[in-house]
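>>> How does the following fold in three dimensions:
(chains A and B)
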Amino acid sequence: DAKTTQPPSMDCAEGRAANLPCNHSTISGNEYVYWYRQIHSQGPQYIIHGLKNNETNEMASLIITEDRKSSTLILPHATLRDTAVYYCIVRLSGSARQLTFGSGTQLTVLP
Amino acid sequence: DGGITQSPKYLFRKEGQNVTLSCEQNLNHDAMYWYRQDPGQGLRLIYYSQIVNDFQKGDIAEGYSVSREKKESFPLTVTSAQKNPTAFYLCASSILAGGFTDTQYFGPGTRLTVL
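Predicted coordinates for the structure are as follows:
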């Protein structure tokens, strides 16, 4: 799986959009970009994933650059409950492969 | 509601005792996984199973055992041979089918403390 690089921490004001970047310059053509988050002492929560097109669901939007070397997770209206560590993972699909979480980004939503 | 349940949320055991952690899913997922997470660390794979009655060791299987007698259940036993069992244990599951992305969904976790 390709290596990812994320900033260690970010702050965001409540109600504003949170934009979390991820670099994955060595991504291969059949690797997906996944985002998870983990609130303290809870299990990781799946947020969204994509291959090359931008994706949106009820939780967030995922913007992948045209060269696929970086992506941005967007939480459109951050709330205090969005405070968590956010993990960007690049991996192949279709096999029982373990997830490798890097150090992630600690997002703190401020009131 | 569909999902993954783990019980109990907190578990305390004396050193030298075996303990079994429960993981159940009603998502009809094929694959199930056990991970261990230590404070400030990422996830490390203990065991995983793609089908009933079959499972494979992950990176840190020593001192652990599993069974997969039913599709929806994948219990993990932490044996007395595991030297540092105190940790946060996470169970996950995913669909496995050709052409489908195998998004893993996690349970709430069990925090095991060995005294």
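
>>> so where's chain A shaky on pLDDT?
Residues of chain A that meet the criterion pLDDT under 70 lie in A:1-2, A:93-96.

>>> Now do the end-to-end distance for stretch B:28-39.
31 Å (C-alpha to C-alpha, to the nearest Å).

>>> before we move on, what about stretch A:41-54?
31 Å.

>>> What residues sit buried inside it?
Neighbour-count burial for stretch A:41-54 flags A:G43, A:P44, A:Y46, A:I47, A:I48, A:H49, A:G50 (criterion: 16 or more other C-beta atoms under 10 Å in any protein chain shown). Every residue, glycine included, has its C-beta placed from N, CA and C.

>>> List the residues that contact the fifth one.
If I follow you right, that is A:I48. A:Y34, A:W35, A:E55, A:T56, A:N57, A:M59, A:A60, A:S61, A:L62, A:L73 (C-beta atoms under 8 Å, 6 or more residues apart in numbering or on different chains).

>>> With adjacent residues omitted, what lies nearest to the third one?
Read it as A:E55. A:L62 (4.5 Å; C-beta to C-beta, 6 or more residues apart in numbering or on different chains).

>>> Is the one you found bridged to anything, and to what?
A:E55, A:L73 (DSSP bridges).

>>> hang on, isn't it packed against A:H49?
Yes. In this structure A:L62 lies within contact range of A:H49 using C-beta atoms under 8 Å: 7.3 Å.

>>> intersection of neighbour lists for these two?
By C-beta under 8 Å, 6+ apart, the residues touching both A:L62 and A:H49 are A:V33, A:W35, A:E55.
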